[in-house]
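Visitor: fold the following for me, if possible:
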Amino acid sequence: MMPGSGERGFTLLEMMVAVLIVGLTVTTFFQLFGGSLRLEQRARGFDEIIVRGRQTFALLRARDVRKEEFPWSGTSDNFSWNLRLEPVDVQPAADETVTDETLNLRWTSELYRLVFVLQDLRHPGRHLRLVAYQQVRPGYFTDDFKKEHLS
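Guide: Numbers count the residues shown, from 1 in each chain. Modelled structure (predicted):
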């Protein structure tokens, strides 16, 4: 545009810069939008495994593990799960020295850890691990049960 002329408007260079800026902005927006959709889809998959895992674990914990028909593993709707029962040692270690100042306690119960693992069969890297502790009286589990089910 010539200085002093009465015409007003944009030069070709100004228009090209404006189009370039708009193009970069739109491209960035679509990349962010696509990324957010992928993250939302992944999060929905994790929500599904968390809800299913908590429901299944709650149903299992409501049952008596000592029953013969208790399910220790299973599959349903592209998910597989298993449950383990592990003893928790709460006694002092044999190499710990006991002095008169140390308080000796008699344990009137046993402590066990329930470990529940749920695996999404459609996505091998997606799994959930839940742990709960159960305190029972001594003799609650028979020796045969312990041999068969304790890991």
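
Visitor: just how off-centre is stretch 114-133 within its chain?
Guide: 7 Å (C-alpha atoms, centre = their mean, to the nearest Å).

Visitor: quick one: contacts of it?
Guide: 45-46, 49-50, 52-54, 56-57, 60-61, 75, 78-86, 88, 111-113, 134 (C-beta atoms under 8 Å, 6 or more residues apart in numbering). The way it works is simple: take the backbone N, C-alpha and C, and place the C-beta from them, glycine included.

Visitor: how about stretch 84-91?
Guide: Defining contact as C-beta under 8 Å, 6+ apart, one finds that stretch 84-91 is touched by 65, 72, 107, 110-115, 117, 133, 149-151.

Visitor: show me the shaky parts of this structure.
Guide: 1-6, 91-107, 151 (pLDDT under 70).

Visitor: apply 50 and report the result again.
Guide: Along the chain, segments meeting pLDDT under 50 span 1.

Visitor: nearest residue to the middle of it?
Guide: Leu128 (4.2 Å; C-alpha atoms, centre = their mean).

Visitor: tell me which helix or strand it sits in.
Guide: Using DSSP states H and E, Leu128 falls within strand 127-136.

Visitor: name the residues of that strand that are buried.
Guide: Residues of strand 127-136 classed as buried by neighbour count (16 or more other C-beta atoms under 10 Å): 128, 130.

Visitor: ranges for the helices of this protein?
Guide: Using DSSP state H, the helices of the chain run over residues 12-61, 143-149.

Visitor: could you dump those to a markdown table with mean neighbour count and distance to Pro124?
Guide: Putting the helices of the chain into a markdown table (neighbours: other C-beta atoms under 10 Å; distance: least, C-beta to C-beta, whole Å) gives the following:
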| stretch | mean neighbour count | distance to Pro124 |
| --- | --- | --- |
| helix 12-61 | 12 | 12 |
| helix 143-149 | 11 | 27 |
